[in-house]
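>>> Okay, predicted coordinates and the sequence, questions at the end:
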Amino acid sequence: MIPYGKQFIDQTDIDAVVDVLKSDWLTQGPKVPAFEDAVASYCKAEHGVAVNSATSALHIACLALDVGSNDIVWTSPISFVASANCALYCGAKIDFVDIDLNTGNMSVFELEKKLLLAEQNDCLPKVVIPVHLAGQSCDMQAIHKLALKYDFKIVEDASHAIGAKYLDKPVGCCEFSDICVFSFHPVKIITSAEGGMAVTNNQELAKRLRKLRSHGITSDPTEMTEPSHGPWYYQQVELGFNYRMTDLHAALGISQLSKVDEFVNQRHFLAQIYDTHLDLNLIRPLHQSDTCYSAYHLYIVQLKDSDITRHKNAITQLRAAGIIGHLHYIPIHLQPYYQAMGFSVGDFPNAEKYYQGAITLPLHPTLQEQEVHFVLNTLQQILN
């Protein structure tokens, strides 16, 4: 079977992990801060805070921005459920902004329209979470302008997008956001086996994120309610979580980060083969904006004139041919849990139209050119 995504692990990665296994530190040792510094430096951000998953990073990002029970968070309906669940974990309300069908990303037009209405109804969001679908950045400069006008904070869900660029700057530099979150799950651009990271340019947010990932505990005397009892002393100053990354995971992440540009370049090379040989009468890829350099975590195409039956048949027949065609994502508002909250079919028509025709085709650094051609030929035979 040809998977839609797959990690690439070489001997340097294995050696990095083995070195930690032979060291004195397995959990909270020197590799975690080293990984944080390496990612922050790569992204040209001031601070990195490593955690055990991007879901955890999204959760504590919302908490660090003081999202609570009286607040509203907006995100994209075309994402994994974690992009919305993070607000619910904080007791906040969640809502969605429909997508641009060309890119699959949050539509700035729909966002501005929704903000105008929300202002009239006194229900503006506290935080907006744009999702960089498939590794292509949202139009962050435009979203940031709206954030300044309507006074909301921005958390970039860049789970797909380490190695990407926006306006020739690394995604994660946080020029147009308060916090940016990455995922290091095995199918992502680089992997730490499991793990995530929040990057920010705000020192106070970074300090809060670090406390929240570790039970709300601090060893900083300036944050304590009384003088320290000694070098062993710590205080829990708020309710946090055990979201810490281990040195084992961080060591793998450091090794993988050294190859991130190589991985992204290979993804672009393979994506170009897809682009060149697609039958555009049947299929069109997601549009790549001139302002962005995608990390190409996913290669997503849209079937033209698709319906539910044709769409299902295409993915089913791809799998029968040994190709794991997939779909990213089912609109979050159509999930039963969210429908029980009051969302329904028709709420976000672009997201629903996208869902009826989107197919994720295999794309990863170990994919071979002949496999790409096999995928293309098979899909086009199915559609014809």
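Received the coordinates, thanks. A quick note: this is a predicted structure, and the numbers were derived from the prediction, not measured.

>>> excluding its backbone neighbours, what's nearest Gly195?
Nearest-residue entry for Gly195: Phe184, 4.2 Å, with adjacent residues in sequence omitted and distances by C-beta to C-beta, 6 or more residues apart in numbering. For every residue, glycine as well, the C-beta is placed using N, CA and C.

>>> gap between the nearest residue to Val51 once chain neighbours are set aside and Gly195?
Nearest residue to Val51, sequence neighbours excluded (C-beta to C-beta, 6+ apart): Tyr243, at 4.5 Å. Between Tyr243 and Gly195 the distance, using C-beta to C-beta, to the nearest Å, works out to 10 Å.

>>> same check, this time on Leu270
Distance, Leu270 to Gly195, by C-beta to C-beta: 25 Å.

>>> got the domain boundaries for the chain?
Listed by automatic domain parsing, the domain ranges of the chain are 11-257, 260-383.

>>> Quick one: those domains as CSV, columns for mean neighbour count, mean pLDDT and distance to Ile2 too.
As requested, the domains of the chain are exported to CSV (neighbours: other C-beta atoms under 10 Å; pLDDT from 0 to 100; distance: least, C-beta to C-beta, whole Å):
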stretch, mean neighbour count, mean pLDDT, distance to Ile2
domain 11-257, 20, 97, 14
domain 260-383, 17, 96, 5
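
>>> Select, out of the ones you listed, the one closest to Pro3.
domain 260-383 (5.0 Å; C-beta to C-beta).

>>> mind checking how far that closest one is from the chain centre?
17 Å (C-alpha atoms, centre = their mean, to the nearest Å).

>>> gap between the two ends of that domain?
The first residue of domain 260-383 is 35 Å away from its last residue (C-alpha to C-alpha, to the nearest Å).

>>> Could you do stretch 339-353 as well?
Terminal residues of stretch 339-353 lie 18 Å apart, using C-alpha to C-alpha.

>>> Contacts made by that stretch with the rest, please.
Outside stretch 339-353, the residues that touch it by C-beta atoms under 8 Å, 6 or more residues apart in numbering are 76-78, 94, 96, 98-101, 107, 110, 331, 333-334.

>>> picking up where we left off before, quickly list what's touching both of Tyr243 and Gly195.
51-53.

>>> Out of the residues you listed, the closest to Glu223 would be?
Proximity of the shared contacts of Tyr243 and Gly195 to Glu223 (C-beta to C-beta) peaks at Val51, which lies at 19.9 Å.

>>> ok, back up a step: could you measure from the residue nearest to Val51 over to Glu194?
11 Å.
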